[in-house]
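1. Sequence plus the predicted model coming up.
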Amino acid sequence: PINQLSIPQLSISSFHQHPTFNTHQPIFNTQQVINRNHQHPTFNTHQPTSTAMNWQQLISNKRLGQEERHALRHDDRSEFKRDSDRLIYSAPFRRLQNKTQVFPLPGSVFVHNRLTHSLEVASLGKSLGDDVARRLIEIHPELRGTLFEEIGTIVQTACYAHDMGNPPFGHSGEKAMQAFFTEGPGISLKEKVSPHFWEDITHFEGNANAFRLLTHRFLGRREGGFVMTYSTLASIVKYPFSSTYASKHGKFGFFATEEETYKKIADELGIIQKDSSEAGICYVRHPLTYLMEAADDICYEIMDIEDSHKLKLLSFEETADLLLGFFDEETRKSIRKRIEDEGVTDQNEQVVYFRACAVGLLEAECVNVFVEHEEEILNGTFEGSLIKHISERPRQAYKHCTEVSVDRIYRSKAVLDVELSGYKIMETLMEALIGAAVEPEHFHSQQLIRRFSSQYDIQSPCLETRIMAVLDFISGMTDIYALDIYQKINGISLPLI
């Protein structure tokens, strides 16, 4: 029980790790709570087949684009680690350091950007995967000695990749790209493109763009994109359906250009298909996606609380109450006593320790939920995220943190200013560059087109391909680069010669 938790030995080094809690509380099925707008759409489709997914098929190290070489490789255990290394050393991953997470890029106080967030999510994802593997191998001994033991590395890699498709300026940038087609000049293109393509661009989505970034064959690149393993790629896709199945929240998992790629991966891994039509496809999630999502949900919410304390949006007392709200009174007293016994008086370090305790508890809770609901997850009938099924006290504490974040953080002046500026920058870039793609014969269009990297097919005779090249180009920009191009387009900044 929670009131019998042992508080981890406190040391300065332990502040930067999440402690492990041995919790075995009952699992509750609860109503949906606020969760970073990552609600799961409801489908009016037939129910999944009765055939459950199985771990032996779900975990495959076959590589996209190099399927014929699969039988020639013998160092199976290293393949998922290769995925991880491939992402870390890539340019799109490095660019995350200059992409906004929530707050403006750092000035005097360093807060999270997309890169630091992704590193922390990956660390937690590794813990979630390793702990689930250990627990399930005890239940299913036949999985011992198989690739299933590597799921921690698969989840870690999926976490590295989960934000790589996000455009500059966070969700504000994403909305600006969508709004150009639904509310701006781009609405005139509706009659010039296919209905499926129109659904894709009017719902432009960072999750779908990440799958494209990793799998699409850009000009001059090899077949298979990053040539990742099937299981890693499937674990990244939180919304495994076409844009035609997107709900009012606009979430989907892959563009029409990558639909066949996802279908090939899903069918190979035995992922259950929920629906298929000329308009698109719809699958259940790969089970490891739930762990990637849980790592993201935990880090996003808890780290924003810590950042808000550093930026003085929340007082120390408010921050402590939020982070200790995950525990009962006895455990809260034990945590505070440990800090007092160790003589830690610095409030920032105390917040770090409170955060570590909260993250450790949530990690253990999500592992319990996954293990308890393994059958439903493999049957494709599990609903919602793992966070929504954790025990009552931490679930309510998480909900409270979310409500405070919406009211005090995401609506703060600092965040609003970035969203306003970012939206205008992205709106201007979309208008100029899509205009160049639609009318490439114009003189100014040719000037803009010369700014594109050679990997983007902006010279294609197909209008849809040229539009996607613009979306690829803009979504790959950092905040700083987007600002630079915006200033040059508007004549605000001239290059120094």
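-> Sure thing, it's come through.
2. ok, now which ones touch the residue nearest in space to the middle of the chain?
-> With distances taken as CA atoms, centre = their mean, His162 lies nearest the centre of the chain, 3.4 Å away. Contact analysis of His162 by CB atoms under 8 Å, 6 or more residues apart in numbering lists Ser118, Val121, Asn207, Ala210, Ile236, Lys238, Met292, Asp296. Using the backbone N, CA and C atoms, a C-beta is placed for each residue, glycine as well.
3. My guess is His203 contacts Ser243. True?
-> Yes: using CB atoms under 8 Å, His203 is in contact with Ser243, at 4.9 Å.
4. Pull up the overlap in contacts between these two.
-> When contacts are counted by CB under 8 Å, 6+ apart, the set common to His203 and Ser243 consists of Phe252.
5. between those two, which one's more packed in?
-> Neighbours per residue, other CB atoms under 10 Å: of His203 and Ser243, the larger number sits with Ser243, 27 against 22.
6. how close does that one get to His196?
-> Ser243 sits 7 Å away from His196, taking CB to CB, to the nearest Å as the criterion.
7. any shared contact partners between these two?
-> With contacts defined as CB under 8 Å, 6+ apart, the residues adjacent to both Ser243 and His196 are Ala256, Gly280.
8. Break down the stretch 301-450 of the chain into its helices, ranges please.
-> Using DSSP state H, counting those that start in this stretch, the helices of the stretch 301-450 of the chain run over residues 316-324, 329-341, 347-372, 374-379, 392-404, 413-438, 443-449.
9. Show me which parts of the first one are buried, residue by residue.
-> Just to be clear, that refers to helix 316-324. Residues of helix 316-324 classed as buried: Thr319, Ala320, Asp321, Leu322, Leu323, Leu324 (neighbour count, 16 or more other CB atoms under 10 Å).
10. Over to the fifth one?
-> Of the residues in helix 392-404, those buried by neighbour count under the rule 16+ other CB under 10 Å are Arg393, Pro394, Arg395, Ala397, Tyr398, Lys399, His400, Cys401, Thr402, Val404.
11. Counting by contacts, list what it packs against.
-> helix 288-310, helix 316-324, helix 347-372 (3 or more CB pairs under 8 Å, 6 or more residues apart in numbering; DSSP states H and E).
12. Buried deepest among those, which one?
-> Greatest average neighbour count among those goes to helix 288-310 (a mean of 24), per mean count of other CB atoms under 10 Å.
13. chain center to that helix, what's the gap?
-> On the basis of CA atoms, centre = their mean, to the nearest Å, the separation between the geometric centre of helix 288-310 and that of its chain is 10 Å.
14. Is Ile281 bridged to anything, and to what?
-> Ile281 forms beta bridges with Ser276, as assigned by DSSP bridges.
15. In contact with it: list those residues for me.
-> Listed by CB under 8 Å, 6+ apart, the contact partners of Ile281 are Phe241, Ser242, Glu259, Tyr262, Lys263, Gln273, Asp275.
16. Can you tell me which of the buried residues of helix 392-404 is closest to Phe252?
-> When the buried residues of helix 392-404 are compared for distance to Phe252, the smallest value, 23.4 Å, is given by Thr402; criterion: CB to CB.
17. Just the local confidence number for that closest one, please.
-> pLDDT recorded at Thr402 is 93.
18. Confirm for me that Ser172 is in contact with Ile425.
-> No: if you go by CB under 8 Å, Ser172 and Ile425 don't touch, sitting 9.5 Å apart.
19. give the contact list for Asp83.
-> Thr153, Ile154, Thr157, Met228, Thr229, Thr232 are the contacts of Asp83 under CB under 8 Å, 6+ apart.
20. typed the wrong thing, it's Arg221
-> Going by CB under 8 Å, 6+ apart, Arg221 touches Gln455.
21. Start the count at 42 instead of 1 going forward.
-> Understood, numbering begins at 42; the last thing we discussed is Arg262.
22. Just to be sure, it is in a strand?
-> No: using DSSP: H, G, I helix; E, B strand; the rest coil, the assignment for Arg262 is coil, not a strand.
23. State the distance from it to Ser494.
-> For Arg262, the distance to Ser494 (CB to CB) stands at 11 Å.
24. Please apply the same query to Lys305.
-> The span separating Lys305 from Ser494 equals 27 Å under the rule CB to CB.
25. what do you get for Phe368?
-> As judged by CB to CB, Phe368 and Ser494 stand 50 Å apart.
26. what's the answer for Ala174, then?
-> To Ser494, Ala174 is 40 Å away according to CB to CB.
27. before we move on, back to that, which one's more surrounded, Phe368 and Ser494?
-> Regarding Phe368 and Ser494, a neighbour count based on other CB under 10 Å identifies Phe368 as having more, with 24 against 13.
28. Now do the same contact list for Ala249.
-> In this structure, Ala249 makes contact with Gly206, Asp241, Tyr280, Ser284, Phe293, Gly294, Phe295, Phe296, Glu299, judged by CB under 8 Å, 6+ apart.
29. from what I can see, it looks like it's in a helix, true?
-> Yes: going by three-state DSSP, the assignment for Ala249 places it inside a helix.
30. how near is it to Glu191?
-> Ala249 sits 26 Å away from Glu191, taking CB to CB as the criterion.
31. follow-up on the earlier one: among the buried residues of helix 433-445, which one lies nearest to Glu404?
-> Pro435 (10.8 Å).
32. how many neighbours does the residue lying closest to the closest one once chain neighbours are set aside have?
-> Ranked by CB to CB, 6 or more residues apart in numbering and with sequence neighbours excluded, the top spatial neighbour of Pro435 is Phe367, at 4.7 Å. By the other CB under 10 Å criterion, the neighbourhood of Phe367 contains 28 residues.
33. same question, Thr372
-> Taking other CB under 10 Å as the neighbour definition, Thr372 ends up with a count of 22.
34. Check Val459 too.
-> Taking other CB under 10 Å as the criterion, the count of residues near Val459 is 20.
35. is it true that it touches Phe210?
-> Yes: look at Val459 against Phe210 with CB under 8 Å: they come within range, at 6.6 Å.
36. Mutual contacts of those two, please.
-> Between them, Val459 and Phe210 share the neighbouring residues Thr141, with contact defined by CB under 8 Å, 6+ apart.
37. Tell me how far the residue nearest to Pro435 lies from Tyr439.
-> When CB to CB is the yardstick, Phe367 and Tyr439 sit 8 Å from each other.
38. May I see the helices of the stretch 342-491 of the chain arranged in a markdown table, with distance to Leu105 as well?
-> Rendered in a markdown table, the data for the helices of the stretch 342-491 of the chain read as follows (distance: least, CB to CB, whole Å):
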| stretch | distance to Leu105 |
| --- | --- |
| helix 357-365 | 41 |
| helix 370-382 | 46 |
| helix 388-413 | 26 |
| helix 415-420 | 23 |
| helix 433-445 | 35 |
| helix 454-479 | 28 |
| helix 484-490 | 30 |
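39. out of those helices, nearest to Arg104?
-> Nearest of the helices of the stretch 342-491 of the chain to Arg104, taken as CB to CB: helix 415-420 at 24.3 Å.
40. Can you report the mean pLDDT over the residues of that closest one?
-> Per-residue scores along helix 415-420 average to 97.
41. Extract the C-alpha set from it and format it as CSV.
-> The C-alpha coordinates for helix 415-420 follow below in CSV (Å, rounded to 0.1, in the frame of the first residue of the first chain):
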residue,chain,number,x,y,z
GLU,A,415,-2.2,-7.1,-20.7
GLU,A,416,-5.0,-9.3,-22.1
GLU,A,417,-7.1,-6.3,-23.1
ILE,A,418,-4.1,-4.5,-24.7
LEU,A,419,-3.3,-7.6,-26.7
ASN,A,420,-6.9,-8.0,-27.7
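42. For that helix, what is the distance to the chain centroid?
-> The offset between the C-alpha centroid of helix 415-420 and the centroid of the whole chain comes to 22 Å, using CA atoms, centre = their mean.
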